[in-house]
Each structure stands twice: as structure tokens, then as C-alpha cells.
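>>> coords please:
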Amino acid sequence: MISGVKGERGLKAERPAVIFDRSAASDLWRNTLSQIPTVFGRLVYLASLRNPNNAHYEHHGLGLVFGEDEANRALKDSHAAVFAEWLTFNLEQQKADLDLYLAGLFEDKRVVVETWVRLAPYQNLIPASIRGVERRLYINDLAALMELFKNVYAVAALDPDA
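Residues are numbered from 1 along each chain as shown. Okay, the predicted model is just below:
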């Protein structure tokens, strides 16, 4: 629909107002999450902002601009959304995303995989609100990927008594 103002030469079209989303979630995506090239990397980043003692998300910049409550809500919602996005991937897509994530790490990939197999730190990336089947699906998918990566990076079977 074109609205206008009647002028000397008839109807003159007005430019539609450009609306900028200035929410904390939009700011987080625009300035941070969009810069992380992998979904798994976004999961790692968002989980790292969750305080393990109270499950609140803490981000100094967002908190200053939008307030602690709004920042917490935006981070919590974004974490759940990124987790849901990861679950939409099939195992082949998850492997490709995880390959890209690993390629960006400075640590030796074999050591990373060995550590992940032994300690399963990827379980700490699950948003607190996730329960049941989604939680099990994520853990099972990562366990399958770790088995695959053990072969790719020649990680020996770990001694359970070590």
C-alpha cells in the first residue's frame, strides 16, 4: 500500500519508515553470533556466558546497554534457539559443522577429541531448559560423532582405569 500526500502534481509517495530492531537479541546476533562461523561454536560461546552457580547468563556489554535481566533473557533465548538449530542438522551436517569448529581451534585436534571422549564437556553446552528427548538426541549424536572423530584423529581407546 502506498500512502501519500496530495501535492501540486498529484499523489506523492512517502518512503516507508525503516524499522531497526534494537533488542538485546538482535544486538547479540548482529554484533557477536553472526561472526561465529559454526553453530557448534555459537553453542560453545553462549554456554560459556552461563554462570554455573546460578544458570544466569552474563554479558558485560549487553548488560550495560540493555540491563542485566534483558541481557540474560536474550542470551538464554539465543542459546535455546542455537541448540534447536543444531538439532535440525543430520549427522553429516553436524560432522561438517564440528569439522569447521575444530579447524578453528589452536589446540591439537587429537588432544581435543581425546579430551572430549574422556570428559564429554559438550554435555555442558545444553541449555538448562532442555529436557528429555532433545537432551538424549544431542548427547547420542555427539557420542556418535566422538566415535567417528576417534577414528579420524587416531585416538586410541582410553583405559577406563587411567
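
>>> point out the other helices and strands that the helix or strand hosting residue 150 packs with.
According to DSSP states H and E, residue 150 maps onto helix 132-152. For helix 132-152, the elements it packs on are helix 68-88, helix 91-103, helix 109-119, judged by 3 or more C-beta pairs under 8 Å, 6 or more residues apart in numbering; DSSP states H and E. In short, each C-beta sits where N, CA and C put it, glycine included.

>>> just to check, residue 59 is in contact with residue 71?
Yes - Residue 59 is in contact with residue 71 according to C-beta atoms under 8 Å; the separation is 5.3 Å.

>>> neighbour-wise, which of those two wins?
residue 71 (25 against 19; other C-beta atoms under 10 Å).

>>> if you skip the residues just before and after it, what's nearest to that one?
Nearest residue to residue 71, sequence neighbours excluded (C-beta to C-beta, 6 or more residues apart in numbering): residue 62, at 3.7 Å.

>>> any idea of the pLDDT on the one you found?
At residue 62, the pLDDT value in this model is 95.

>>> for the strand or helix carrying it, list every residue counted as buried.
Taking DSSP H and E as the criterion, residue 62 maps to helix 60-66. Buried residues in helix 60-66, defined by neighbour count with 16 or more other C-beta atoms under 10 Å: 62-63, 66.

>>> go through the helices and strands packed on helix 132-152 and name the closest to residue 141.
helix 91-103 (6.0 Å; C-beta to C-beta).

>>> what residues of that closest one count as buried?
So helix 91-103, judged by 16+ other C-beta under 10 Å, has buried residues 94-95, 97-98, 101-102.

>>> stretch 128-147 now?
130, 134, 138, 141-142, 145-146.

>>> ok, residue 136 - contacts?
Not one residue lies near residue 136 by C-beta atoms under 8 Å, 6 or more residues apart in numbering.

>>> what distance do you get for it to residue 126?
Separation of residue 136 from residue 126 (C-beta to C-beta, to the nearest Å) stands at 10 Å.

>>> run through the protein and note the low-pLDDT ranges.
Counting by pLDDT under 70, the ranges of the chain that qualify are 1-21, 157-162.

>>> okay, the closest residue to residue 89 other than its chain neighbours and residue 128: tell me how far apart.
Of all residues not flanking residue 89 in the chain, residue 97 sits nearest, at 6.6 Å (C-beta to C-beta, 6+ apart). Distance of residue 97 to residue 128, given as C-beta to C-beta: 23 Å.
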